[in-house]
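In: Okay, predicted coordinates and the sequence, questions at the end:
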Amino acid sequence: MKKLFNSKFLSLYITIFLFFVLFSIGSVLYTGFFSLQTFLNLFIDNAFLIISASGMTMVLLIGGIDISVGSVIALTCMLSAYLLELKGFNPVLVMVLMILMGAGFGLIQGCLIHFFKIQPFIVTLAGLFFARGMTAVISTDTINIKNKLYTDISNYRIYLYDKSFISIGVVIALIVISITIYIAHYTRFGRSVYAIGGNEQSARLMGLPVGRTKVLVYTYSGVCYAIAGIVFSFYMLSGYTLHQQGGEMDAIASAVIGGTSLTGGVGYVFGTLFGVLIQGVIQTLIMFQGTLSSWWTRIAVALLLCMFIMIQRLLTIRKDTGRKAKFNTGKKAKQLKVKA
Amino acid sequence: MANNEAVLKMNGVSKTFPGVKALKSVDFKLRAGEIHALMGENGAGKSTLIKVLTGVEELDSGEIYLSGEKILAKSTQQAQELGISTVYQEVNLCPNLTVAENFYIGREPTRYGKINWKEINRSAEQALAKLDLKIDVKQKLENYSVAIQQMVAIARAIDYKARVLILDEPTSSLDKNEVEKLFIIMKKLRSEGMGIIFVTHFLDQVYEVSDRITVLRNGELVGEYEAESLPKIQLVAKMIGKDLDILSNLKKDANKEQNTNANDTFMSFNGVGHTGTIEPFDLEIRKGEVLGLAGLLGSGRSELARVIFGIDKADSGEIRVNDERANIASPIDAIKRGIALCPENRKTEGIIGELSVRENIILALQARNGIGKTISRKEQERIADEYIKLLNIKTSGKEQLVKNLSGGNQQKVILARWLATNPDLLILDEPTRGIDVGTKTEIQKLIIQFAERGMSVVFISSEMDESLRCCSRMAILRDGRKVAEICEDELTDRNVMKSIAGED
């Protein structure tokens, strides 16, 4: 029983444990590291990543992948800036339009993936190029956002305790990840996602609506990316062609470090939150260290990724050998038969 | 006990796949409250029949009636709603979900859109308890043995208010106790009036639970029989396609193996086995003989071949080649000792369709020589030409892509590939499956010729005729064990079938 319990949540436990270890290391090594605000800053700086990684987690759970994330965020920022500053659109209308755009983007990608049976990697690679290209078409120069609502939101601080605060982006991020957790673990739709990710053929034979679920997952993640884009534009207050280049990889890395398997069907959305925080804490550590280039963050994340993929692999290997052993004892009962 | 009311009736069902007529106007009748075994060798049409019935494949012609009503399921989901539930050979559940979830997925009880986990866990537990299965339903399915997963699949199938339950090879991964448990459940369901279609390769199990047996062969209906009035040996005869009464008196084919110099042993096995696939066996392969491996599908024929060729490393016993202890741990070791294997599955394990005939023929030779030593283009062309001529491969040229050849000629290319390495021992696993009759005879003749020249051949075939014609000796396998060895004098179909069926 104990062993079973361990393997089910092991990845998740390791992630959470690792986060606290890293945070403790920082607190011991650097003065001023250990504070509530340092912790909250992890959320403030990575609010958009929490949102995009939530969407990404759903896509990975169904056994797909989406690499258009960074570009969609960039396009959202640029389009928002363009509509607000050069066209004078109402800011609320802009946000609604962005969410609709994200949904449409995801819907089209999902349909291409499902109905034309194209690999998700290729479809979303096209999406990546398309969105990035559109961003440059709108403007190759940076457009700064000076809209009052946007700057107000950007500067607004929600004080939690003493002088520690979070931004509105953090609130949005926590709402999105909570909704994602609810969908993944407490609805029929979410369970279908896990089932399809576990074994699509079985899911179809069990009578689950495979196509609908797949398309909806990509649509949902599209919405997440658009919201991430909106939050990112609060954070950056600009639209720029090169915003979030490689952002898709951060989202995938967060989900994987959080314990989601790239093969689908395994993982917890909650883990993704810690996947994001771990990347954030490494960044902060390197910042406090002072002499290392910020690119060391990437190297640390690379090592972490390798480690987590190894852990997942080891867990599955252990399970497989465990099953084989069972089969062999069955064989002693003389009733041996192997699929020819 | 079985009344005569047919719960399921299939009339004149036909299905054609590109190139194959998988079902030729087959009739099938299932009564309420009976267990009906569906029997036949590989390619007999059992799985196609089930696929047509459950809406996985569309039928070309024919009608299906469920309780007198004409039905046409277009998907498994529809079939399920009509009352036809299927449990497949490979457990078709999601291993990453909990037992309870697997039980209820797609129809979870919800409250305001939120899944009612308590309700799911409670009722799944109850449903499983009905089958005497007391397990923690909150654990992931993959944490349980295949046997329990199978039980969960059955419980799920029954829960759909099924009138017809199809069990496709449900026992292949269960041990004896588990099988017995399953049979108790099957009998219980039968007494409740459910019609059960039972597909299996285990003859003993068929007789243990079945009321009636339908035999298919080559997509055609052989007949429907009462289990009690059909002796086991007759059943095997019907499956393999030989009528014993006519043939048992027939003499063996005259052209069969005259080589009497075949007494030197090429390879010997002493207590060799591979855990999980084949139990320890003793076997001798002599020079210049065609040794047949016989047994029903899944009896361990191919598995034995895999051990000889080093795909599965033997984990017990001793292998000797030319009276010298040999450690064969991989196909490379086997190739180096002059062993060659033509695998069963031509498409996935044999040919490389995108390469030319010449390149396919050269492959094994190249592998044996190692990558460093290249074979000159001239030499390659000479070898290719030689074998195209020798085996009479019908191709427009040696640069033709193999995927464009017919099945029989593809098989010849594979044969050529291994012959090019000049093997001392050639293992052929179903070399003539899916090949037209003319080419079949050609290949059989070639095999006998090679043996006459001193090559040893291990020959695996599901077709009794063919084996009897080619082989000078046969080893019989049943349930992963070698159960008998029949030498030429006693090599008659009656003897072979007796051994296969396990009747003494």
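Out: Arrived safely, thanks for sending.
In: alpha carbons only for contacts and neighbour counts from here, please
Out: Will do.
In: what does the stretch 101-250 of chain A have sitting close to chain B?
Out: Those residues of the stretch 101-250 of chain A that sit near chain B, judged by C-alpha under 8 Å from any C-alpha of the partner chain, are A:186-188, A:191-192, A:194-196, A:198-199, A:201-203, A:205-208.
In: can you rerun that using 7 Å?
Out: Selection of the stretch 101-250 of chain A residues close to chain B by C-alpha under 7 Å from any C-alpha of the partner chain yields A:186, A:187, A:188, A:192, A:195, A:198, A:199, A:202, A:205, A:206, A:207, A:208.
In: Just the pLDDT for the fourth one.
Out: Among the per-residue scores, residue A:192 shows a pLDDT of 91.
In: quick one: contacts for it?
Out: Taking C-alpha atoms under 7 Å, 6 or more residues apart in numbering or on different chains as the criterion, residue A:192 is in contact with A:208, B:106.
In: residues of the host helix or strand of it that come out buried?
Out: Under the criterion of DSSP states H and E, residue A:192 resides in helix A:188-198. For helix A:188-198, burial by neighbour count (16 or more other C-alpha atoms under 10 Å in any protein chain shown) applies to A:188, A:189, A:190, A:191, A:192, A:193, A:194, A:195, A:196, A:197, A:198.
In: Likewise for stretch B:439-459?
Out: Those would be B:439-440, B:443-444, B:446-448, B:450-452, B:454-459, for stretch B:439-459 by 16+ other C-alpha under 10 Å.
In: In the stretch 401-504 of chain B, which residue sits closest to chain A?
Out: Residue nearest to chain A within the stretch 401-504 of chain B: residue B:479 (5.7 Å; C-alpha to the nearest C-alpha).
In: That residue contacts residue B:301, doesn't it?
Out: No - counting by C-alpha atoms under 7 Å, residue B:479 stays clear of residue B:301, with 9.7 Å between them.
In: neighbour-wise, which of these two wins?
Out: residue B:301 (29 against 24; other C-alpha atoms under 10 Å in any protein chain shown).
In: Bridged to the nearest residue to that one once chain neighbours are set aside, which residues?
Out: Excluding its sequence neighbours, the residue lying closest to residue B:301 (C-alpha to C-alpha, 6 or more residues apart in numbering or on different chains) is residue B:293, at 6.0 Å. Assessed by DSSP bridges, residue B:293 has beta-bridge partners residue B:460, residue B:475.
In: Where does pLDDT dip in the stretch 151-300 of chain A?
Out: Within the stretch 151-300 of chain A, not a single segment meets pLDDT under 70.
In: could you pull out the strands for it?
Out: Applying DSSP state E, counting those that start in this stretch to the stretch 151-300 of chain A gives strands spanning A:158-161, A:164-166, A:238-239.
In: contact partners of the shortest one?
Out: Just to be clear, that refers to strand A:238-239. Defining contact as C-alpha under 7 Å, 6+ apart, one finds that strand A:238-239 is touched by A:77, A:78, A:81, A:142, A:143, A:144, A:145.
In: which one of those is nearest chain B?
Out: residue A:77 (34.0 Å).
In: now the residue in chain B sticking out farthest from the centre: how far from residue A:220?
Out: The centre of chain B is farthest from one residue, residue B:112, which by C-alpha atoms, centre = their mean lies 48.6 Å away. Remark: distance between residue B:112 and residue A:220 (C-alpha to C-alpha, to the nearest Å) = 20 Å.
In: for the stretch 201-350 of chain B, which spans come out with low pLDDT?
Out: Where the stretch 201-350 of chain B drops to pLDDT under 70, the residues are B:241-263, B:346-349.
In: and the spatially most central residue of chain A, what does it touch?
Out: Central residue of chain A (C-alpha atoms, centre = their mean): residue A:53, 1.1 Å from the mean position. Residues in contact with residue A:53 (C-alpha under 7 Å, 6+ apart) are A:251, A:252, A:254, A:255, A:272.
In: Equivalent analysis for residue B:334, please.
Out: Counting by C-alpha under 7 Å, 6+ apart, residue B:334 touches B:309, B:310, B:328.
In: burial count for the first one?
Out: I take that to be residue B:309. Other residues lying near residue B:309 total 26 when counted by other C-alpha under 10 Å.
In: got a pLDDT number for residue 25?
Out: Since you didn't name a chain, this refers to chain A. 90.
In: if you could check chain B rather than the one you did, that'd help
Out: At residue B:25, pLDDT is 89.
In: Is it in contact with residue B:16, as I believe?
Out: No - the pair residue B:25 / residue B:16 is not scored as a contact, 10.7 Å apart, by C-alpha under 7 Å.
In: Surely residue B:62 forms part of a strand?
Out: Yes - assignment of residue B:62 by DSSP: H, G, I helix; E, B strand; the rest coil places it within a strand.
In: roughly how far apart are it and residue B:475?
Out: Counting by C-alpha to C-alpha, the gap from residue B:62 to residue B:475 is 42 Å.
In: So for these two, which sits in the more crowded spot?
Out: Higher neighbour count among residue B:62 and residue B:475: residue B:475, with 21 against 15, using other C-alpha under 10 Å.
In: Thought residue B:293 was touching that one, still the case?
Out: Yes - when contacts are counted by C-alpha under 7 Å, residue B:475 is listed as touching residue B:293 (5.0 Å).
In: Can you tell me the element the residue nearest in space to the middle of chain B falls in?
Out: Central residue of chain B (C-alpha atoms, centre = their mean): residue B:297, 4.2 Å from the mean position. According to DSSP H and E, residue B:297 maps onto no helix or strand at all.
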